[in-house]
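Enquirer: Show me how the following folds:
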Amino acid sequence: MARSLDDSWDIATSVGATAVMVALARARETAAAEPLIRDPFAEPLVSTPELAGVREQVAAWWAGPDEEDDPALAVDAQNMVDYQAVRTHFFDAYFDGATQAGIRQVVILAAGLDSRAYRLPWPDGTVVYEIDLPKVLEYKAHTLAGHGAKPIADRRPVPVDLRHDWPRALRDAGFDEASPAAWLAEGLLPFLPAAAQEAMFASIDTLSAPGSRVAVEIFGVDAQKRQEAQQRWLELKAKREARGQDTSFNPFDLWFDDDGRPDCADWFGGHGWRTETVSARAEALRLGRAPQSEDRPFANSFVTAAKS
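Expert: Residues are numbered from 1 along each chain as shown. Next up is the predicted model:
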């Protein structure tokens, strides 16, 4: 699970496994009595035989504490499901607003198991570019085709690592720099080195015609809180390992350090974009999905920006 600057993965390993975790949360939300979002493709995407091991790992990560465990140490699965529902709802609405404004180019960075190309009501002529590693994109397309699913938009996979020359690959796939685009970086930033994040922002700015929009999920876990979370996990991990339980999955292990990471709103604001920041907690309260406990509030935020 350890990261390096030149590592790679498929859907069942490393960063790919986190995409499975997120899709599992969307699948659980979709199956709820009163779901906030509906993603009918999440369940088929995570139910394949090749993901059986990942499902077990995520289930172990989400497992509640045993009687002898400190409840504060365990991951709250329902909190995760609620947050993913709020996050998905926010960015679905972002794309709706972008297309209503006439934007017909969409770029999903690190698309993972995102199924928006298949499930959102895209206007005619919309092109959705999905950037991710080749094996991840291949898995999604093959799995959904096996279920007879067809994208609503003109879906164009762009198989490239975001740490490499993805702007060139995007242009080669047909991206038009003269037309406005709607960009999304959801669940992405901590999995990129700081230098790659700043380079990505710069490329978005360069590639974006006036009228373009961008939406970014900002992770609200600072270095101290991350260290505290890691320490809690290590305590729980030791207890679970002593009981013979699976402890192989920990998304925090896949994050890069925050040193030198630019503030998203400040960066885009400083480059002439009009920015707005919404806290995930405020959005959750607005949607009636308050965090399960104030001990574990939704610390993330959502930044949107528009280029004049």
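
Enquirer: Name the SS class of the most centrally placed residue in the chain, please.
Expert: Against the mean C-alpha coordinate of the chain, by CA atoms, centre = their mean, the closest residue is G187 at 2.7 Å. Using DSSP: H, G, I helix; E, B strand; the rest coil, the structure places G187 in coil.

Enquirer: just F302 next, same as before
Expert: In the three-state summary, F302 is assigned as strand, counting by three-state DSSP.

Enquirer: ok so, going back, dump the residue contacts of the residue nearest to the centre of the chain.
Expert: Residues touching G187, when contacts are defined by CB atoms under 8 Å, 6 or more residues apart in numbering, comprise 18-19, 22, 87, 110, 112, 217. C-beta here means a position set from N, CA and C on the backbone, and glycine is covered the same way.

Enquirer: Go ahead and build a ChimeraX selection from the buried members of the residues you listed.
Expert: A single ChimeraX command selects the buried members of these (16 or more other CB atoms under 10 Å):
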select :18,19,22,87,110,112,217
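
Enquirer: Using TSV, lay out the contacts of G187 together with pLDDT and distance to D176.
Expert: Written out in TSV, the entries for those read as follows (pLDDT from 0 to 100; distance: CB to CB, whole Å):
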residue	pLDDT	distance to D176
T18	94	31
A19	96	28
V22	96	30
R87	97	29
A110	97	22
G112	97	25
E217	97	26
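
Enquirer: List just the nearest of the contacts of G187 to D266.
Expert: For D266, the closest of the contacts of G187 turns out to be E217, at 16.1 Å, with distances computed as CB to CB.

Enquirer: Which other helices and strands does the host helix or strand of the closest one contact?
Expert: Element membership of E217 [criterion: DSSP states H and E] is strand 213-218. Other helices and strands packing on strand 213-218, by 3 or more CB pairs under 8 Å, 6 or more residues apart in numbering; DSSP states H and E, are helix 77-100, strand 182-185, helix 264-270, strand 301-307.

Enquirer: roughly how far out does the last one sit from the chain middle?
Expert: What separates the centre of strand 301-307 from the centre of its chain is 15 Å, taken as CA atoms, centre = their mean, to the nearest Å.

Enquirer: do the first one as well
Expert: For helix 77-100, the distance between its averaged C-alpha position and the chain's averaged C-alpha position is 10 Å (CA atoms, centre = their mean).

Enquirer: angle of the very next helix or strand once past that helix against helix 77-100?
Expert: Scanning forward in sequence from helix 77-100, with DSSP H and E defining helices and strands, the next element found is strand 105-109. Relative orientation of strand 105-109 and helix 77-100, computed by axes from the mean of the first three to the mean of the last three CA atoms, to 10 degrees: 150 degrees.

Enquirer: what about the stretch 101-250 of the chain, any weak spots by pLDDT?
Expert: Scanning the stretch 101-250 of the chain with the threshold set as pLDDT under 70 gives 221-230, 233.

Enquirer: what about the helices in it?
Expert: Counting by DSSP state H, counting those that start in this stretch, the segments of the stretch 101-250 of the chain that form helices are 116-119, 134-146, 166-172, 194-207, 223-242.
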